[in-house]
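Trainee: let's see this in three dimensions:
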Amino acid sequence: METIPTALWVVVMLVVLALLFDFMNGFHDAANSIATVVSTGVLKPQHAVVFATFFNVVAIFVFHLKVAATVGKGIVDPGVVDQHVVFGALIGAIAWNVLTWWYGIPSSSSHALIGGIVGATVAKAGTGPLVTSGVLKTVAFIFVSPVMGFLLGAMMMVLVAWIFRRTSPLRVDNWFRRLQLVSAGLYSLGHGGNDAQKTIGIIWLLLIASGYVGAEARMPPLWVIWSCYLAIGMGTLFGGWRIVKTMGQRITKLKPVGGFCAESGGAITLFVATGLGVPVSTTHTITGAIFGVGSVRNASAVRWGLAHRIVLAWVVTIPATALIAAVFYAFSMLLF
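Mentor: As a prediction, this is how the structure comes out:
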């Protein structure tokens, strides 16, 4: 009889830990939504985070839960997952987020979570429970999303330059200061829609594994959906200023027209990925778009040395978080 309250206590603790990860996801990835609009001077930082938070939460009414379904049922076999696996996955993801935030590296919270799930699952049962199609799709988009962001950002920059070739720079600047509010809103919408669903997916996976939700359930409880969207919104509200500096100032110098093109290219990529149910990195997407815009203006204007450091963090994220998660999976066996 005593095992039921203990199990419930562990589930509650893990839900809180998942929401903490979600908050940190918003905190860590706030830079993705606001770096360009802050660096171009269109919005002050404190106004930008409120703006991005609003669209993060509004995304709940826009997107279906396809990404949540991928994370909850499409990465590993839910039947193998238990509370120890979820604990290891979350600690691995949180630890990596804190480390990369501290050093101002725009890494992926999304891939940190996926790496954590994979690492903890492999530590428990080997590679058998991995859903190959889901893992390969996620890994493929490590490369697809920044390349797609790069190409769309560059193409939009070329198109805008051609359309406004006879317009004075001052007039172009004034126009795109207004239009960048639209592109920043769309990007924040895509950020909330894709990233909040990853935490929805991990909590859904936990509830299925614990027996509180049936494996045949077509969607998670409403309280899970709302709490995850609100948590990521609150994280964005507090913002990750170290990474804002890297994204908005150190990669390349942006003007409002460049910010608009980067955000629009990134938003299109996120909308497509979320519609396909792929848990992509908003960090990879907007970074690729910023590089694309900068390369069109002038290849030498992009700090390619910094790009090497960022890409290295992208490649290392999944194996690093998988290793951390495997260690904490083993540690959790001693805790509960």
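Trainee: quick check: closest non-adjacent residue to Leu90.
Mentor: Leu17 (5.0 Å; C-beta to C-beta, 6 or more residues apart in numbering). All C-beta atoms are positioned from the backbone trio N, CA, C, and that covers glycine.
Trainee: which strands and helices sit next to the strand or helix carrying Gly288?
Mentor: Per DSSP states H and E, Gly288 falls inside helix 282-297. Here helix 282-297 touches helix 3-39, helix 132-163, helix 169-210, helix 256-276, helix 304-335, going by 3 or more C-beta pairs under 8 Å, 6 or more residues apart in numbering; DSSP states H and E.
Trainee: the first one packs against which elements?
Mentor: The one in question is helix 3-39. In this structure, helix 3-39 makes packing contacts with helix 45-58, helix 83-102, helix 109-125, helix 169-210, helix 222-238, helix 241-245, helix 256-276, helix 282-297, judged by 3+ C-beta pairs under 8 Å, 6+ apart.
Trainee: residue ranges with poor pLDDT in this structure?
Mentor: The chain contains residues with pLDDT under 70 at 1-6, 30-33, 104-106, 239-253, 297-310.
Trainee: please report how far Asp82 lies from Gly211.
Mentor: To Gly211, Asp82 is 11 Å away according to C-beta to C-beta, to the nearest Å.
Trainee: which residues does stretch 111-118 contact?
Mentor: Residues outside stretch 111-118 that contact it (C-beta atoms under 8 Å, 6 or more residues apart in numbering): 21, 71, 75-76, 85, 88-93, 96-97, 130, 135, 138, 142, 198-199, 202, 205, 279, 281, 314, 317-322, 324-325.
Trainee: revised request: answer the last question for stretch 15-24.
Mentor: 86-87, 90-91, 93-94, 97-98, 101, 109, 113, 196, 199, 202-203, 206, 227-228, 231-232, 234-235.
Trainee: just the buried subset of these, please.
Mentor: Neighbour counting with 16 or more other C-beta atoms under 10 Å marks 86-87, 90-91, 93-94, 97, 101, 109, 113, 196, 199, 202-203, 206, 227-228, 231-232, 234-235 as buried within the contacts of stretch 15-24.
Trainee: can you report how many residues lie near the closest residue to Ile117 other than its chain neighbours?
Mentor: Nearest non-adjacent residue to Ile117, counting by C-beta to C-beta, 6+ apart: Ala89, 4.5 Å away. Neighbourhood size, Ala89 [other C-beta atoms under 10 Å]: 37.
Trainee: could you do the one 10 residues further on as well?
Mentor: Using other C-beta under 10 Å, the number of residues around Leu99 comes to 16.
Trainee: go on, Trp9?
Mentor: Trp9: 11 neighbours (other C-beta under 10 Å).
Trainee: quick one: distance of stretch 276-288 to the chain centre.
Mentor: Here stretch 276-288 is found 7 Å from its chain centre; the criterion is C-alpha atoms, centre = their mean, to the nearest Å.
Trainee: now swap in stretch 201-208 and tell me
Mentor: 18 Å.
Trainee: equivalent analysis for stretch 208-221, please.
Mentor: Put simply, stretch 208-221 sits 24 Å off its chain's centre (C-alpha atoms, centre = their mean).
Trainee: measure it end to end?
Mentor: Using C-alpha to C-alpha, to the nearest Å, the end-to-end distance of stretch 208-221 comes to 11 Å.
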